[in-house]
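# structure of the sequence below:
(one chain, ligands or ions: 2)
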Amino acid sequence: MNDTIAAIATPFGSGGIGVIRISGPDAFTIASMLFSKTKSRFEGLENLESHRVRHGYLFDGNTMDVIDEVLLIPMKGPSSYTAEDVVEIQAHSGTFVLKAILEAVLSLGARLSEPGEFTKRAFLNQRIDLTQAEAVADIIMAKSANALKFATSQVLGTLGKKIQELRETLIQFLSLLEVSIDFPDDSAPFCPSDKEIQEITSVLEKCREFIKQHNDACFLKEGIRVTICGAPNVGKSSLMNRLIEKDRSIITAVPGTTRDPVEEGLNIDGVPFVIADTAGIHQTDDLVEIIGIEKAKDHITTSDIILYMKEPGSAFSEREFEKIVPQGKKVIFVVNKIDLGEGNLPRLSEKYRHIPTVEISALLNKGIRELKQKILNISIADLDMEKSPVIPNLRHKKALEQAAESLEAALTGLKNGQAEEILAIDIKAGIDSLGTITGETASLDILDTIFSNFCIGK
Ligand SMILES: Nc1nc2c(ncn2[C@@H]2O[C@H](COP(=O)(O)OP(=O)(O)O)[C@@H](O)[C@H]2O)c(=O)[nH]1
Ligand SMILES: [Mg+2]
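Residues are numbered from 1 along each chain as shown. Ligands and ions are numbered 1, 2, ... in the order given. Next comes the predicted model:
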């Protein structure tokens, strides 16, 4: 961390502005050796005032030719992204010009940064915790408005702060335990008060709550799963292609065309979905179809929403419906091929009248927008965005599960009068698991995995 790193921080290719970022002890010196207010000849700067944008020209240090007209933004540490001295050079964005500037910077002793190294430095300099660093990657990767909202909230450190509070509680408890272990003669036998036990219990409950929040909301990142199912030839593949607006599934008049489930991403008003088209479910002897039908059933079980499809002329049967759609699943009844005439349309039975119904013609692209709106409505109906602003990611969830396991063991131990040394081990394990979330106790492997997923320049 004693060296100075540099990278192109904006995407590769032509654009309005491209940014070169330099961070480290020599950032200011390097910048002042290349930047001049005048373009006719190089005129070094005495000092670079921090947090003040300067207009000027970037010179090639060898030839002393102007490379580009630029804006220079010097930021003295610790008031910078990495908490080190940082200089950002805004130039025109072109592969060649940015590379030329980067090379000029590197030739003065800076090193090309590794992926995520700027953010890693911000973490190692304790400007942000690990959850905030990860959220930076989430912001860059966000594929929907809601995913972005959660990532932004996490960058502000909300999750990290809450985890840190839980950790503090455990650390206090551990220190009481350790006093009692270290000075067995001086103190009475360790006997936690009800209040202390209550505190550990509430840390455990909080961990469980976070795990639940992850489970409830992870589909916002990964996509809400929607499966189209129904008898062969009702138009499942035709609907799939209409929903994703692409010819993805093969459509034929031959029943049993779709065998392997076909999956595609779809974004409805900023909410990501993964739509699956499956093999038509019916009795068959065809081995490939049978496997396809099994896969369709798997998809239905793991799906968040089912589009149960029927066509005119085939009546709704409770028995068939119950065989295909698991109880309690969110489901939309889709009646296709309404272009064939209004008569003979299947209707839901009294028992299932509450299920939302949409009539469409996949062939004529009718009713598709209404169906999308219904899918959106039932998927976010019981999700309270305002109530859960922090969503742990999968890595956090695993750490929370480990912490919860240790705390359960500790609480059982407390009830059964377990030896203090063993209790201390469980509590310590809980503290360490929580610490991997914020980065306090994260191993180098974890750090490397997280930061290597970043792009260079971030
Ligand atoms: N008239 C009419 N035919 C349709 C409609 N949707 C699909 N089809 C036809 O029904 C047949 C089966 O369609 P397909 O999408 O392959 O059904 P799948 O077996 O359920 O996937 C094809 O010949 C489609 O052209 C529709 O809305 N109206
Ligand atoms: Mg099909």
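
# any idea how many residues pack against residue 60?
16 (other Cβ atoms under 10 Å). Where C-beta positions appear, they are placed from N, C-alpha and C, glycine not excepted.

# how much space is there between it and residue 238?
Separation of residue 60 from residue 238 (Cβ to Cβ, to the nearest Å): 60 Å.

# residues from the protein in reach of ligand 1?
Counting by Cβ under 6 Å from any ligand atom, the residues of the chain close to ligand 1 are 232-238, 251-253, 257-258, 280, 336-337, 339-340, 361-363.

# how about the strands in the stretch 101-250 of the chain?
111-112, 224-230 (DSSP state E, counting those that start in this stretch).

# just the buried members of the residues of the chain next to ligand 1?
Burial by neighbour count, 16 or more other Cβ atoms under 10 Å: within the residues of the chain next to ligand 1 this picks out 232-238, 251, 257-258, 280, 336-337, 361-363.

# among the residues of the chain next to ligand 1, which are located in helices?
Secondary structure defined by DSSP state H assigns 236-238 of these to helices.

# give the contact list for the residue in the stretch 251-400 of the chain that ligand 2 sits nearest to.
Residue of the stretch 251-400 of the chain nearest ligand 2, by Cβ to the ion: residue 258 (3.0 Å). Going by Cβ atoms under 8 Å, 6 or more residues apart in numbering, residue 258 touches 236-237, 249-250, 277-280, 292.

# now residue 32
Residue 32 touches 44-45, 47-48, counting by Cβ under 8 Å, 6+ apart.

# did I read that right, it in a strand?
No: assessed by DSSP: H, G, I helix; E, B strand; the rest coil, residue 32 does not belong to a strand; its assignment is helix.

# run through the helices of this structure in chain order.
Applying DSSP H to the chain gives helices spanning 27-34, 95-106, 117-124, 130-141, 145-155, 158-182, 194-222, 236-244, 287-302, 318-324, 368-380, 394-415, 420-438, 444-452.

# would you single out the least confident of these?
Lowest mean pLDDT within those: helix 145-155, at a mean of 75.

# mind listing what's buried in that helix?
Neighbour-count burial for helix 145-155 [16+ other Cβ under 10 Å]: 146-147, 149-151, 153-155.

# quickly list the domain ranges of the protein.
With domains defined by automatic domain parsing, the chain comprises 5-113, 158-218+393-452, 223-380.

# looking at those domains, which is nearest to residue 122?
Closest approach to residue 122 among those is made by domain 5-113 (5.0 Å; Cβ to Cβ).

# how long is that closest one from one end to the other?
5 Å (Cα to Cα, to the nearest Å).

# buried ones among the contacts of residue 32?
45, 48.

# adding distance to residue 288, write the contacts of residue 32 out as a markdown table.
Putting these into a markdown table (distance: Cβ to Cβ, whole Å) gives the following:
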| residue | distance to residue 288 |
| --- | --- |
| 44 | 74 |
| 45 | 73 |
| 47 | 75 |
| 48 | 69 |
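
# tell me the one among the contacts of residue 32 nearest to ligand 2.
Proximity to ligand 2 was ranked across the contacts of residue 32 by Cβ to the ion; first place goes to residue 48, at 64.5 Å.

# one step back: so which of the strands of the stretch 101-250 of the chain gets nearest residue 312?
With Cβ to Cβ, the closest approach to residue 312 among those belongs to strand 224-230: 13.0 Å.

# which other helices and strands does that closest one contact?
Applying 3 or more Cβ pairs under 8 Å, 6 or more residues apart in numbering; DSSP states H and E, one finds that strand 224-230 contacts helix 236-244, strand 271-277, helix 287-302, strand 305-310.

# which one of the ones you listed lies closest to residue 398?
Using Cβ to Cβ, those put helix 287-302 closest to residue 398, at 20.0 Å.

# dump that closest one to PDB, keeping only the CA atoms.
Extracted in PDB, the C-alpha atoms of helix 287-302 (Å, rounded to 0.1, in the frame of the first residue of the first chain):
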ATOM      1  CA  LEU A 287     -38.900 -40.900 -22.900                       C
ATOM      2  CA  VAL A 288     -37.500 -37.500 -23.800                       C
ATOM      3  CA  GLU A 289     -40.900 -35.900 -23.100                       C
ATOM      4  CA  ILE A 290     -41.100 -37.700 -19.700                       C
ATOM      5  CA  ILE A 291     -37.800 -36.200 -18.700                       C
ATOM      6  CA  GLY A 292     -39.000 -32.800 -19.900                       C
ATOM      7  CA  ILE A 293     -42.100 -33.100 -17.800                       C
ATOM      8  CA  GLU A 294     -40.100 -34.000 -14.700                       C
ATOM      9  CA  LYS A 295     -38.000 -30.900 -15.300                       C
ATOM     10  CA  ALA A 296     -41.100 -28.800 -15.800                       C
ATOM     11  CA  LYS A 297     -42.400 -30.000 -12.400                       C
ATOM     12  CA  ASP A 298     -39.000 -29.100 -10.800                       C
ATOM     13  CA  HIS A 299     -39.300 -25.700 -12.300                       C
ATOM     14  CA  ILE A 300     -42.800 -25.300 -10.900                       C
ATOM     15  CA  THR A 301     -41.700 -26.200  -7.400                       C
ATOM     16  CA  THR A 302     -38.900 -23.700  -7.300                       C
END
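
# buried stuff in it?
So for helix 287-302, counting by 16+ other Cβ under 10 Å, buried means 289, 292-293, 295-297, 299-300.

# residue of the stretch 301-450 of the chain nearest ligand 1, please.
residue 363 (3.3 Å; Cβ to the nearest ligand atom).

# pretty sure that residue contacts residue 239?
No: using Cβ atoms under 8 Å, residue 363 is not in contact with residue 239; the gap is 10.0 Å.

# overlap in contacts, those two.
With Cβ under 8 Å, 6+ apart as the test, residue 363 and residue 239 reach no residue in common.

# quick revisit: distance to residue 458 added to the helices and strands packed on strand 224-230, as JSON lines?
Below are the helices and strands packed on strand 224-230 laid out as JSON lines (distance: least, Cβ to Cβ, whole Å):
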{"stretch": "helix 236-244", "distance to residue 458": "31"}
{"stretch": "strand 271-277", "distance to residue 458": "23"}
{"stretch": "helix 287-302", "distance to residue 458": "34"}
{"stretch": "strand 305-310", "distance to residue 458": "35"}
